[in-house]
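**Q** just the structure for this:
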Amino acid sequence: MVKFELKRIHFTSDLGMTKTLQIIKGIMNFKTLILIMLYTCIQGCSKSTVDPICYLNKPRDTYKYPILPRSPEWALLNTSEEMDSVLQIPNQILKSISTEGLVETSLHYPRFSDLYFSDDYQRAFNIIESHFNGFQELLKRSDAASVLTERYELMDPSCIHNNYPSINGDGSSTSFSFAFIEILIAQYEILSLLENENLQTLLKECLLKYEVKKDNNSSLFTLKHSLLIAARIMYFDNYDQFIQEYNNNESIKFFTDRVMLLDSTTLDVIYDLAKRFPN
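**A** Got it, this is the predicted structure:
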């Protein structure tokens, strides 16, 4: 802490008064300068430190996979079955891990991105789920929906490279960070766990994410995952206007069922319907 002292000064003339005022102004200007520097430092430091909205703290019991892709040990694996085997969560851990830890572990599943080797994302997710006991356990947890949605609300699409999960070190692209959690939330096993009020809250949240992404000129790949949640909420809730579109519009049906985007206008239709969804 810098301390400033003003010594008692006796004024004997106008000249003395002038000099004194100059000294006082100099000291005050110096104090102002110090305050500005401190403020600048604080602002700069706050930007360089970890933003809790961009970097979400992992639960302590998040499972650490023993072997990861691109490691020397991974290179020794010859078949997909061997890769699946080393990525299974040990049963003892699987039964004791918190749902928060399980969500984080699942989002970091090293083969999650295999989902996008297929045009039919839902079919691909079903296959991945059948090969990974973490997804199987998560979809059975009664609090999975609340934990997933709470985490989802903390994520900010404006954090360009900072959202977990990471597929390449700490801080992956926002596109995959959102894609992974949004396709998990969009599973009907998850949506069925939410009360009507919470479904409406989730609908508003995914629309908010969509709007921020769109303002950031995000790709269709990024945008569509947010509206997948919206489409499935409306389908699950049997929203009549959406059901009509689903039954009469092949693009809406393909997207809702398979996460396949046949026409970019599909997203506009879903967004407009979701904005009219009754509260």
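
**Q** just the element for the residue lying closest to Met234 once chain neighbours are set aside, please.
**A** Nearest residue to Met234 in three dimensions, chain neighbours excluded: Phe242, at 3.8 Å (CB to CB, 6 or more residues apart in numbering). Quick note: C-beta positions are derived from backbone N, CA and C, even for glycine. Assigned by DSSP states H and E, Phe242 belongs to helix 240-248.

**Q** remind me what that helix packs against, helices and strands.
**A** Judged by 3 or more CB pairs under 8 Å, 6 or more residues apart in numbering; DSSP states H and E, the packing partners of helix 240-248 are helix 220-236, helix 250-258, helix 265-275.

**Q** can I get those helices in a markdown table including distance to Glu73?
**A** Compiled in a markdown table, those are given as follows (distance: least, CB to CB, whole Å):
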| stretch | distance to Glu73 |
| --- | --- |
| helix 220-236 | 31 |
| helix 250-258 | 35 |
| helix 265-275 | 41 |
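
**Q** go ahead and confirm the residue nearest to Met234 touches Ala231.
**A** Yes - contact criterion CB atoms under 8 Å: Phe242 and Ala231 qualify, at 7.4 Å.

**Q** so, low pLDDT: which residues of the protein?
**A** 1-55, 160-173 (pLDDT under 70).

**Q** run the last query once more with 50
**A** For the chain, applying pLDDT under 50 flags the ranges 1-21, 23-25, 27-28, 30-52, 166-171.

**Q** for the residue nearest to Met234, list the residues it contacts.
**A** Ala231, Met234, Tyr235, Ile252, Leu273 (CB atoms under 8 Å, 6 or more residues apart in numbering).

**Q** mind doing that once more with 7 Å?
**A** Residues near Phe242 by CB atoms under 7 Å, 6 or more residues apart in numbering: Met234, Tyr235, Leu273.

**Q** please apply the same query to Tyr246.
**A** Tyr235, Ile252, Lys253, Thr256.

**Q** any idea how far the first one lies from Gln241?
**A** In other words, Tyr235. 11 Å (CB to CB, to the nearest Å).

**Q** who's more crowded, the two?
**A** Neighbours per residue, other CB atoms under 10 Å: of Tyr235 and Gln241, the larger number sits with Tyr235, 19 against 13.

**Q** doesn't Asp257 make contact with that one?
**A** No - between Tyr235 and Asp257 there is no contact under CB atoms under 7 Å: 9.0 Å.

**Q** residues near Thr174, how many?
**A** Thr174: 22 neighbours (other CB under 10 Å).

**Q** how about the one 5 residues further on?
**A** For Ala179, the neighbour count with other CB under 10 Å is 23.

**Q** helix or strand: which one has it?
**A** helix 174-185.

**Q** which strands and helices lie in contact with that helix?
**A** Where contact means 3 or more CB pairs under 7 Å, 6 or more residues apart in numbering; DSSP states H and E, helix 174-185 is packed against helix 144-154, helix 220-236.

**Q** between the last one and helix 174-185, how big is the angle?
**A** Relative orientation of helix 220-236 versus helix 174-185 (axes from the mean of the first three to the mean of the last three CA atoms, to 10 degrees): 20 degrees.

**Q** could I get the buried residue list for helix 220-236?
**A** 222-235 (16 or more other CB atoms under 10 Å).

**Q** could you verify my assumption that Leu267 touches Lys224?
**A** Yes - contact criterion CB under 7 Å: Leu267 and Lys224 qualify, at 6.2 Å.
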